[in-house]
Each structure stands twice: as structure tokens, then as C-alpha cells.
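K.L.:
Make a model of this:
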Amino acid sequence: LSVVLSNRSAVPLLYSVSKSGSISSGFLKVPSGRTGAVRPFGSREVEFGFCPSLAGRFEEVLQVQNVQDDGEPITVTIKAKVVKPETFTLKPVREEIDFGNLIVGQKGPTLQFAIRNTSLRRRTFVV
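P.N.:
As a prediction, this is how the structure comes out:
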């Protein structure tokens, strides 16, 4: 993701980018740096990345300030809804696992089901 800063002046634009400080701001990275300059009548693309480690709704506000002007900063609002991927599934071969009527002491029917770990972590399953 990126934001394009345009300088419509004959003077170089010195800028700084700041984050709000919310929990979301820790997930927001500005790899090109949080300060910089834009040539007169030029533009510059400022890249940023949003990599949350938690699921949920996030909103972060970036403020771009002209360092040489104490006027109002320009704000960019970044919103995201992060959905955690499924990491555990249990899928029976049939819709339901039903052993039917069983007699005590005798072997019942054999049914199959599959357990799949789709996460990167090792999991222990107890059946």
C-alpha cells in the first residue's frame, strides 16, 4: 500500500509521518522512513504495510505533516477487518458419526473421520 505526496510549491517539501499510537499502530510499518523530502513540483510515493497478528477490526490514522508549516496535518485513515484463518477441522466421511445400537462386550462397526491441522504449529489431538 502507498500514499502519494505531491508538492505544488517551488520550495522542497519536508514531511514527517506519524501514527496515532493505538494498538493498530504497532502493526503498521513505514519501510521507506517516517521523514523525507519531495522536490519542488514533484511527488513521492510513501509505502506502508499493515501486518496484524490478531484478528478483529482495526483503524489507524497516519498524519503527514509539512515540517516547515505548523498548519493542519493531512490525515490518512487505514481500516481493516482481519479474519483469522481456520486452523483446525474435523470432517467425518458422513454427515454425522453414528455407531447405531451396540451390544456390550462386542465390537461395533468401524467408522472413519479425518483430523487435519492447517496451522504452522504442531498440535496434539486426543481421540
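K.L.:
Tell me the helix or strand right after the biggest strand by length in the chain.
P.N.:
Longest among the strand segments of the chain by residue count, using DSSP state E, is strand 56-66. The helix or strand immediately downstream of strand 56-66 is strand 74-82, counting by DSSP states H and E.
K.L.:
Quick check: mean pLDDT of the longest strand of the chain?
P.N.:
What strand 56-66 shows for mean pLDDT is 88.
K.L.:
for stretch 118-127, same thing?
P.N.:
76.
K.L.:
What residues sit buried inside that stretch?
P.N.:
Going by neighbour count (16 or more other CB atoms under 10 Å), nothing in stretch 118-127 comes out as buried. Placement of C-beta: from N, CA and C, glycine included.
K.L.:
Go through the helices and strands of the protein and name the one with the lowest mean pLDDT.
P.N.:
strand 88-92 (a mean of 61; mean pLDDT, DSSP states H and E).
K.L.:
Which is the succeeding secondary structure element to that one?
P.N.:
Assigned by DSSP H and E, the successor of strand 88-92 is strand 113-117.
K.L.:
Point to the residue nearest the middle of the protein.
P.N.:
Pro52 (3.6 Å; CA atoms, centre = their mean).
K.L.:
close enough to count as contact, it and Ser25?
P.N.:
No: under the criterion of CB atoms under 8 Å, Pro52 makes no contact with Ser25, lying 11.0 Å away.
K.L.:
pLDDT below threshold where in this structure?
P.N.:
85-95, 127 (pLDDT under 70).
K.L.:
please redo it, this time with the cut-off set to 80
P.N.:
Counting by pLDDT under 80, the chain contains low-confidence residues at 23-24, 32-33, 53, 84-100, 110-121, 123-127.
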